[in-house]
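> Test case, fold it:
(2 chains)
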Amino acid sequence: MGFLHLFIVNKSGGLILHRPLGPSAPKINTNDWLRIGSTFHSLHAIAAEASPVKLPGNKNPGENRVYVLYFELLQSATYIAVRIKVCSSHLVCCTSINTTNVLAGADDGIEEIEGGGVILKCLQTRTGIKFVLTAEPGTADLDSVLREIYVLYSECALKDPFYELEMPIRCELFTLAVDGLIERLESGGVKSR
Amino acid sequence: MTSKAQAGTALWAKMPKANAELFALTYGSLVTELVRDYEDPIEVNAQLDRIGHSIGVRCVDEFLSKADVAGMGLSTQCNNLRDTAEVVAKVGFKMFLGVTAEVGGFSQDQRSFSVYLQDNPLSTFVELPSESAQGGDDLRRLKYSQILCGVIRGALEQVNLKVECSIVRDTLKGDEVNEIRVDLKEVLADGAGDDYKEE
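Numbering: from 1, shown residues only, chains lettered A, B, ... in the order given. So this is what the prediction gives:
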């Protein structure tokens, strides 16, 4: 159990931050992370289009469907089966005044990927940024961690006057805050278990 | 009190506060600086709008993230422009400025609405020069709180709503209420364009 890696992808698929969060995080160089980031972005877009449960206006009352597809992991040439949870059933914020099928950007696409030894959670904000967290299976409450990280992003990165939107985050306050959050969770998590 | 107003109050309670007078005076000095630099009030309005836009595109994320963490569930609240307008006025204005705004004046086609501000924290202490004063005639065209229009435009642009905003009534010009008119131009769509869709 433990967090592995955090990466943030902007709305056009560019990686704007990647950060190992634990000692067992994979050692992959930045160029590869850039590739993973944009590949994830594309898969996310494909999943949103290919979702079997899309109804007009995204007004599907049903539960999220979980289905299995083969997912080529970048790091290895082997194919492994993973479960990808594609979410397309949420109501969408600020879509449209007519309820035809207009994508809002959020709430569609890949929400979670479970593989052997790794679990990946993605939070796409309504402004199109994707926060992606990987962790070992069994790590508690990744969703709320992602939401916390989103708050930190808005507090630290966006309020940095030298930070330009869509650009890589080089903001020490933000990385420190993320590290602090993870540290707090890991130490707190051990006690509560 | 509606749930949106409650949400706004709850979020406002958690925001770090700045002194209202300091805030008003700082904004005032920004505007006077712009007036000094650009001289033409129309150009000053444009600059204020631009500054507001830069603020808006950033603060919308703060708004969404904090509302989400506080469990407001905004995703279920914005299904049409009417809801969006309510959220902007009741939650957004309250959270960032601590004032309550009202919505109204929806057009027939539901594509435009007005935000009414009873008290505008930006215009405390402000008096625009009267028409008889020197240069006063020119400054009547200054839209002192134009920055708010820019913020709304920037914030909604980030959630795929392209709007136009303008101040139509201003207490500084003798109207009884501040009115910001918001006009929805277009809903931008993410995802693959129609060209890439299968038949």
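
> which residues does the nearest residue to A:Tyr163 once chain neighbours are set aside contact?
Leaving aside its chain neighbours, A:Tyr163 sits nearest to A:Ala157 (5.2 Å; criterion: CB to CB, 6 or more residues apart in numbering or on different chains). Placement of C-beta: from N, CA and C, glycine included. Shown in contact with A:Ala157 (CB atoms under 8 Å, 6 or more residues apart in numbering or on different chains): A:Tyr163, A:Ile169, A:Cys171, A:Phe174.

> Could you list the low-confidence segments of chain A?
Scanning chain A for pLDDT under 70 picks out the ranges A:49-108, A:189-193.

> helices and strands of chain B: which one bottoms out on pLDDT?
helix B:136-139 (a mean of 66; mean pLDDT, DSSP states H and E).

> Can you confirm whether the helix or strand just after that helix lies near chain A?
Using DSSP states H and E, the helix or strand that follows helix B:136-139 towards the C-terminus is helix B:146-158. Yes. Using CB under 8 Å from any CB of the partner chain, helix B:146-158 reaches chain A at B:Leu156, B:Gln158.

> and the residue lying closest to A:Glu166 once chain neighbours are set aside, what are its phi and psi?
Counting by CB to CB, 6+ apart, A:Glu166 lies nearest to A:Asn10, which is 4.7 Å off, once chain neighbours are set aside. Per-residue torsions, A:Asn10: phi -80, psi -180 (degrees, to the nearest 10).

> count of neighbours near A:Asn10?
Neighbourhood size, A:Asn10 [other CB atoms under 10 Å in any protein chain shown]: 20.

> so what's it up against?
A:Ile16, A:Gly128, A:Ile129, A:Glu166.

> ok, now B:Val99?
B:Phe93, B:Leu117, B:Gln118, B:Asp119, B:Asn120, B:Pro121.

> Secondary structure element for the first one, which one?
Which is B:Phe93. helix B:93-97.

> After that helix, which helix or strand is next? Please name it.
Beyond helix B:93-97 toward the C-terminal end (DSSP H and E), the next one is strand B:101-104.

> Please identify the pairing partners of that next one and their relative orientation?
strand B:112-117 (antiparallel) (DSSP bridges).

> Check which residues of the strand it pairs with are buried.
B:Ser112, B:Phe113, B:Ser114, B:Val115, B:Tyr116, B:Leu117 (16 or more other CB atoms under 10 Å in any protein chain shown).

> which pair in those spans the largest distance?
By the measure CB to CB, B:Ser112 and B:Leu117 form the most distant pair in the buried residues of strand B:112-117, at 17.0 Å.

> pretty sure B:Lys162 belongs to a strand, no?
Yes. The assignment for B:Lys162 is a strand, going by DSSP: H, G, I helix; E, B strand; the rest coil.

> Who does it form a beta bridge with?
With DSSP bridges as the rule, B:Lys162 is bridged to B:Glu186.

> Can I get the helix or strand B:Phe23 falls within in CSV? Just the C-alpha atoms.
Element membership for B:Phe23, per DSSP H and E: helix B:20-38. Extracted in CSV, the C-alpha atoms of helix B:20-38 (Å, rounded to 0.1, in the frame of the first residue of the first chain):
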residue,chain,number,x,y,z
ALA,B,20,-12.5,45.5,2.6
GLU,B,21,-11.1,49.1,2.6
LEU,B,22,-7.7,48.0,1.6
PHE,B,23,-9.2,46.0,-1.2
ALA,B,24,-11.3,48.9,-2.4
LEU,B,25,-8.4,51.3,-2.2
THR,B,26,-6.0,48.9,-4.0
TYR,B,27,-8.5,48.5,-6.8
GLY,B,28,-9.0,52.2,-6.9
SER,B,29,-5.3,52.9,-7.3
LEU,B,30,-5.2,50.2,-10.1
VAL,B,31,-7.9,52.0,-12.0
THR,B,32,-6.4,55.5,-11.5
GLU,B,33,-3.1,54.1,-12.7
LEU,B,34,-4.7,52.7,-15.8
VAL,B,35,-6.5,56.0,-16.4
ARG,B,36,-3.2,57.8,-16.1
ASP,B,37,-1.5,55.4,-18.5
TYR,B,38,-4.1,55.0,-21.2
